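Asks: model the following, please.
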Amino acid sequence: MRPPDSHEKDIVEAGKRIEEQQKRVTGYALRRELGGGDQKRLFSIWQNHSNQGVVEHTPALELPVELEESLNELGSALVDQLRSLAIKLHGTSVKSADRQVAEITRQYKELEEQTKAELRDADAIIEELEGKNIALQNDLSVAVDERNEALTKAQEDQAGFVAMKTKLSEMTGIEELVKRLKAVEDRTEPRS
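Replies: The predicted structure follows:
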């Protein structure tokens, strides 16, 4: 669909120019004045503009007194019925809201109790794990002390081993010396 060639303001101005020439405004006259466009659209826009200023004046009619009284009575009864219905609806909506609040409160309390129970369980698990952690730290400390003692003893034993090895080496040297001395003695002893 192609865009309109003329805007409403242009169409209204063209219609006013046609009226100033004392001619009747038609779709074709507007088209000729604007140099193109759909005559139905142009005339429709002109009519809308022309009808805006026209206000229908109808004389105000009054109702007879009897009819006015009946209408007032019916209006009053209708207002009373509407008021009663509004009160019932309000009461029903308040009850419904109270019921919803009570249900939400109940669900909240259940959730709160469940959360508290889970927190108690979690606290118990944490305490148990902390106790195990302390016991493991104590065991580790004892094991480290035992290892250090074992290392110290191993170093002492190694020092003792080195000393014994040295003594053994010395003793082997002495034993060798004793054998030599004995051999020398055997040689120096007179033979009988």
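
Asks: flag the shaky bits of the protein, pLDDT-wise.
Replies: 1-5, 53-60, 190-192 (pLDDT under 70).

Asks: to the chain's geometric centre, what's the distance from the top helix by length along it?
Replies: Across the chain, the helix with the greatest residue count (assigned by DSSP state H) is helix 65-188. Relative to its chain's centre, helix 65-188 lies at 27 Å (Cα atoms, centre = their mean, to the nearest Å).

Asks: and that helix, what does it pack against?
Replies: Counting contacts by 3 or more Cβ pairs under 8 Å, 6 or more residues apart in numbering; DSSP states H and E, helix 65-188 is packed against no other helix or strand. For the C-beta atoms, the positions are set from N, CA and C on the backbone; glycine is no exception.

Asks: do you know how far the nearest residue to residue 63 once chain neighbours are set aside is from residue 62?
Replies: Leaving aside its sequence neighbours, residue 63 sits nearest to residue 71 (Cβ to Cβ, 6 or more residues apart in numbering; 7.0 Å). Using Cβ to Cβ, to the nearest Å, residue 71 is found at 12 Å from residue 62.

Asks: between these two, which one's more packed in?
Replies: Shown here are residue 71 and residue 62; by other Cβ atoms under 10 Å, residue 71 has more neighbours (11 against 8).

Asks: could you measure from the more buried one over to residue 85?
Replies: For residue 71, the distance to residue 85 - Cβ to Cβ - is 20 Å.

Asks: and what of residue 125?
Replies: Residue 125 sits 59 Å away from residue 85, going by Cβ to Cβ.

Asks: residue 66 now?
Replies: From residue 66 over to residue 85 the distance is 28 Å, taken as Cβ to Cβ.

Asks: cool, residue 13 as well?
Replies: Applying Cβ to Cβ, the value for residue 13 to residue 85 is 55 Å.

Asks: which of these two has more neighbours?
Replies: Neighbour count, other Cβ under 10 Å: between residue 13 and residue 85, residue 13 has more, with 14 against 10.

Asks: okay, now residue 10: neighbour count?
Replies: The burial count for residue 10: 17, using other Cβ under 10 Å.

Asks: please begin residue numbering at 280 from this point
Replies: Sounds good: first residue 280 from here, last item residue 289.
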